[in-house]
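Chemist: below is the structure, and that's it, no one-letter string:
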């Protein structure tokens, strides 16, 4: 569990630092590959079964190729900022994101683009594929589904297109 861990971005001699190592380990684990992160000087001990370094277990169920792409490969084209109820719905209960939970929209994006879902405290909680353009979402944000026209009553990000980060 790395929630809340802050890692440096590297030093004068390196190119990545701990943040890039953790990112690579998470990417591999999401792809179903177990990872052992240890100092190079501990490599022989780690390979012989010693308890050195930090182990990252492979995800028990691999992300689908689409969710892997949403989480790791796609560039986010914008973001929607959520209220606390929407954060709970998408990150804890794995529900679709509805317009009612959106407090603001940033960036310019189109339906089908990947967007970031941001909690009230500014923390990235999920990524997903938007069903609407940013201009449409500006008119929809904060409204209940029943208050929207029939053509806009589908989720903003469907649960099948949403990945917690």
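Modeler: Done, it's in. Worth saying up front: this structure is predicted, and the values here are computed from it rather than measured. Numbering: from 1, shown residues only.
Chemist: tell me who's in contact with residue 102.
Modeler: 80, 81, 82, 83, 86, 137, 140, 141, 142, 156 (Cβ atoms under 8 Å, 6 or more residues apart in numbering). In short, each C-beta sits where N, CA and C put it, glycine included.
Chemist: just the buried ones among these, please.
Modeler: 80, 81, 82, 86, 137, 140, 141, 156 (16 or more other Cβ atoms under 10 Å).
Chemist: which of those fall in helices?
Modeler: 86, 137, 140 (DSSP state H).
Chemist: may I have the phi/psi pair for the residue nearest to the last one when sequence neighbours are not counted?
Modeler: Going back to what we said before, that points to residue 140. Leaving aside its sequence neighbours, residue 140 sits nearest to residue 99 (Cβ to Cβ, 6 or more residues apart in numbering; 4.1 Å). The phi and psi torsions at residue 99 (degrees, to the nearest 10) take the values phi -60, psi -30.
Chemist: gap between residue 99 and residue 120?
Modeler: 17 Å (Cβ to Cβ, to the nearest Å).
Chemist: which of the two has more neighbours?
Modeler: residue 99 (24 against 12; other Cβ atoms under 10 Å).
Chemist: I figured the more buried one hits residue 149, correct?
Modeler: No. In this structure, residue 99 is not within contact of residue 149 by Cβ atoms under 8 Å, at 11.4 Å.
Chemist: outline the domain layout of this structure.
Modeler: 1-62, 68-164 (automatic domain parsing).
Chemist: buried set for the lowest-mean-pLDDT helix or strand in the chain?
Modeler: Least confident helix or strand, the chain: helix 17-30 with a mean of 80, by mean pLDDT, DSSP states H and E. By neighbour count on 16+ other Cβ under 10 Å, the buried set for helix 17-30 is 21, 22, 25, 26, 27, 29, 30.
Chemist: try stretch 131-150
Modeler: 131, 132, 133, 134, 136, 137, 140, 141, 148.
Chemist: rewinding a little: and the ones in helices among the buried ones among the contacts of residue 102 as TSV, adding pLDDT?
Modeler: Output for these, formatted as TSV (pLDDT from 0 to 100):
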residue	pLDDT
86	97
137	97
140	97
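Chemist: let me see the ranges of the strands in the protein.
Modeler: Residue ranges of the strands in the chain, as given by DSSP state E, are 35-37, 54-56, 78-82, 102-107, 114-118, 124-129, 162-164.
Chemist: neighbours around the residue lying closest to residue 29 once chain neighbours are set aside, how many?
Modeler: Nearest residue to residue 29, sequence neighbours excluded (Cβ to Cβ, 6+ apart): residue 56, at 4.5 Å. Neighbour count of residue 56, defined by other Cβ under 10 Å: 20.
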